[in-house]
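A.B. asks: 3D model of this:
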Amino acid sequence: MSAATPSARSAEVSATEAYTDLERELRVLLRRAGAAATAMARRIHPDLPASAYPLLAHIAGSTGVRGSDLADQFGVGRATISRQLSRLHDLGLVERSVDPEDSRGQIISLTEDGAARLEAAQQARVVSVSEALAAWEPKDVAALADLLHQYSVDVVRWQANR
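C.D. replies: This next block holds a predicted model:
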């Protein structure tokens, strides 16, 4: 096969080749994402585990989120989320308040320090990505973001229907 550009090559491959290529690229992306998540976590707090970064980002974007909502969102047990939230609380990144609709539940939110640290880390990541993709056209960056979003939506829907 020739060394065609990805867009030119995509017209030349079979469905099997396309899905095989996608699986390989996802594997590489996930490996690199794992390393990036570790770096992001360290930017937020030196003692923060990599797995906590997505949790913090979700809390930041979900006003009034409960621990049980987080467990459902991340597909883990409530005890797992409780342990992770305790760790984040101990680091001063999240705070808990009584759920006004159910006094047995807790509303989770970022502390001011947690929000500031997350924002700084996310901005640093945006700078890194923009530097790495400086040769890309903005429309191509937007297209990649749109395709990754659609991929996530479709995979979640597929998993829910299995």
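A.B. asks: who does the host helix or strand of Ser97 pair up with?
C.D. replies: In the assignment (DSSP states H and E), Ser97 maps to strand 94-99. Strand 94-99 has its sheet partners listed here by DSSP bridges as strand 102-110 (antiparallel).
A.B. asks: quick one: distance of the strand it pairs with to the chain centre.
C.D. replies: 22 Å (C-alpha atoms, centre = their mean, to the nearest Å).
A.B. asks: in it, what counts as buried?
C.D. replies: Judged by neighbour count using 16 or more other C-beta atoms under 10 Å, the buried positions of strand 102-110 are 106-110. Glycine gets a C-beta too; all of them are placed from N, C-alpha and C.
A.B. asks: which SSE is immediately downstream of the longest helix anywhere in the chain?
C.D. replies: Across the chain, the longest stretch assigned as helix under DSSP state H is helix 15-44. Per DSSP H and E, helix 15-44 leads on to helix 52-61 as the next helix or strand towards the C-terminus.
A.B. asks: can you pull the pLDDT of the residue nearest to the spatial centre of the chain?
C.D. replies: Nearest to the mean C-alpha position of the chain, counting by C-alpha atoms, centre = their mean, stands Pro54 at 4.6 Å. If you check Pro54, the pLDDT there is 89.
A.B. asks: that one against Ala36, yeah?
C.D. replies: No: look at Pro54 against Ala36 with C-beta atoms under 8 Å: they stay out of range, at 11.5 Å.
A.B. asks: now the strand holding Ser97, how far from the centre of its chain.
C.D. replies: So, by C-alpha atoms, centre = their mean, the centroid of strand 94-99 is 22 Å from its chain's centroid.
A.B. asks: next, the angle helix 52-61 makes with it.
C.D. replies: 50 degrees (axes from the mean of the first three to the mean of the last three C-alpha atoms, to 10 degrees).
A.B. asks: name the residues that touch strand 94-99?
C.D. replies: Strand 94-99 is contacted from outside by 56, 59, 66, 85, 88-89, 105-111, 114, using C-beta atoms under 8 Å, 6 or more residues apart in numbering.
A.B. asks: thanks a lot, see you next time.
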